[in-house]
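Trainee: here is a sequence together with a model predicted from it:
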Protein chains: 2
Amino acid sequence: MERDPLEAKSPYTMYSETVELIRYAMRLKNFASHSATVAEKKLAVLCNRCLSLLYLRMFHLKKDHAVKYSRSLMEYFKNSAKTSHQAPSPWRTNGKVNGTPSPLSLSPSPASSVGGGSGGAPGSSGSVAIPQRIHHMAASHVNITNNILRSYEHWETADRLASDSQEFFQELDSAMEPLSQQSSMTELVRYIRQGLHWLRSEAHLL
Amino acid sequence: MERDPLEAKSPYTMYSETVELIRYAMRLKNFASHSATVAEKKLAVLCNRCLSLLYLRMFHLKKDHAVKYSRSLMEYFKNSAKTSHQAPSPWRTNGKVNGTPSPLSLSPSPASSVGGGSGGAPGSSGSVAIPQRIHHMAASHVNITNNILRSYEHWETADRLASDSQEFFQELDSAMEPLSQQSSMTELVRYIRQGLHWLRSEAHLL
């Protein structure tokens, strides 16, 4: 993928497609389930370590945007909380926050059933109107930070599964350098390649 | 703080208060500025490493909530994007998204000036109504993920400042274990204590 001259892709796209490829391969068989064999679980450990470091890389590539969005969003939510305590905004339709129903009260208007499609029925818990730029920013922020959350999730899954094959991974860690969240892509590739080599060799596929 | 029997605090509060204490101390003098002395920059490195690992700890304590919120928010934003493309919601007031002004059009109503206090004037770029639970969730999500973003920021600042005192930190790394994002609080305390001891000793304060 990296050497295709016709398709110069951004690193983010390349990492993201690699993630999709590994996730696809993992869906073919549930390597991490209870019924999986020890060898399958070892493979699942390697896949989860790859996913973790790829998600981490993707997060790092967009981290600066997330920092910028995070500041604006924190500022917005701080002001929004102040506004709702000091001077209830007419945009808030929740009875608890705004005692008297505002002229813009969103329920029980026929429109609420349409709005319900986008995540929740405004009738029951009320709606808040937010500037569109904040809405976009929040969506991007969630997408970027999702990468770091996924990274930690896969790292922990790998640790959990590796506890069933301690000897194998201790030997692999001694032969190579143990992987960490600071490992480079080169170190990751070498580690995984060695691990796969041993797995094939154990299964007499070599 | 940890041993005060009268005040049993949650680890999160304890870490958060320690962060505030270090930030306060750092505000007394701008250790990281260009005019700071080499010794001051060394102290700034130690402070930034502390802050980074404390923020990381705070993130880990609430990570599971962030994962849950992240899933719900991604789902919400995905549906919200679909809705806006396939069937413009009457909640959207942006002319680009919803060609014909809806009966609930939020501008130019007198209320828009009140809503403007919470982050942006709805008149210029439009507003989006979101369910209140999504609003709360987004606020919590931004707060939790802010910790991991801060953690990386302080780690990078420490690395940058440490490049001016390579010898000092190489010696400290050899004497102790080099700090990493996997370091325990005990390792952090020992490392910082040793660093402070050397700094005092260099300044002939011992």
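Mentor: Alright, I've got the coordinates. Keep in mind that what you see is a predicted model, and the values were worked out from it rather than measured. Numbers count the residues shown, from 1 in each chain, chains lettered A, B, ... in the order given.

Trainee: can you give me the strands for chain A?
Mentor: A:127-131 (DSSP state E).

Trainee: show me what the lengthiest helix in chain A is packed up against.
Mentor: If you go by DSSP state H, chain A has its longest helix at helix A:38-86. Here helix A:38-86 touches helix A:11-28, strand A:127-131, helix A:132-162, helix A:166-175, helix A:185-202, helix B:132-162, going by 3 or more CB pairs under 8 Å, 6 or more residues apart in numbering or on different chains; DSSP states H and E. Heads up, the C-betas are built off the backbone N, CA and C, glycines and all.

Trainee: of all those, which one is nearest residue A:44?
Mentor: helix A:132-162 (5.3 Å; CB to CB).

Trainee: for the closest one, buried residues please.
Mentor: Within helix A:132-162, the residues scored as buried using 16 or more other CB atoms under 10 Å in any protein chain shown are A:132-135, A:137-139, A:141-155, A:157-158, A:161-162.

Trainee: got the angle for that helix vs helix A:11-28?
Mentor: 50 degrees (axes from the mean of the first three to the mean of the last three CA atoms, to 10 degrees).

Trainee: could I get the helices and strands packed on helix A:38-86 as JSON lines with distance to residue B:194 and mean pLDDT?
Mentor: Below are the helices and strands packed on helix A:38-86 laid out as JSON lines (distance: least, CB to CB, whole Å; pLDDT from 0 to 100):
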{"stretch": "helix A:11-28", "distance to residue B:194": "38", "mean pLDDT": "94"}
{"stretch": "strand A:127-131", "distance to residue B:194": "49", "mean pLDDT": "92"}
{"stretch": "helix A:132-162", "distance to residue B:194": "29", "mean pLDDT": "95"}
{"stretch": "helix A:166-175", "distance to residue B:194": "28", "mean pLDDT": "95"}
{"stretch": "helix A:185-202", "distance to residue B:194": "29", "mean pLDDT": "95"}
{"stretch": "helix B:132-162", "distance to residue B:194": "15", "mean pLDDT": "95"}
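
Trainee: select, out of the ones you listed, the one closest to residue B:126.
Mentor: helix A:132-162 (4.5 Å).

Trainee: touching chain B at all, that closest one?
Mentor: Yes - applying CB under 8 Å from any CB of the partner chain, one finds helix A:132-162 touching chain B at A:132-135, A:138-139, A:141-143, A:145-146, A:148-149, A:152-153.

Trainee: neighbours around the nearest residue to residue A:150 once chain neighbours are set aside, how many?
Mentor: Residue nearest to residue A:150 in three dimensions, not counting chain neighbours: residue A:55, with 4.5 Å by CB to CB, 6 or more residues apart in numbering or on different chains. Residue A:55 has 23 neighbours, counted by other CB atoms under 10 Å in any protein chain shown.
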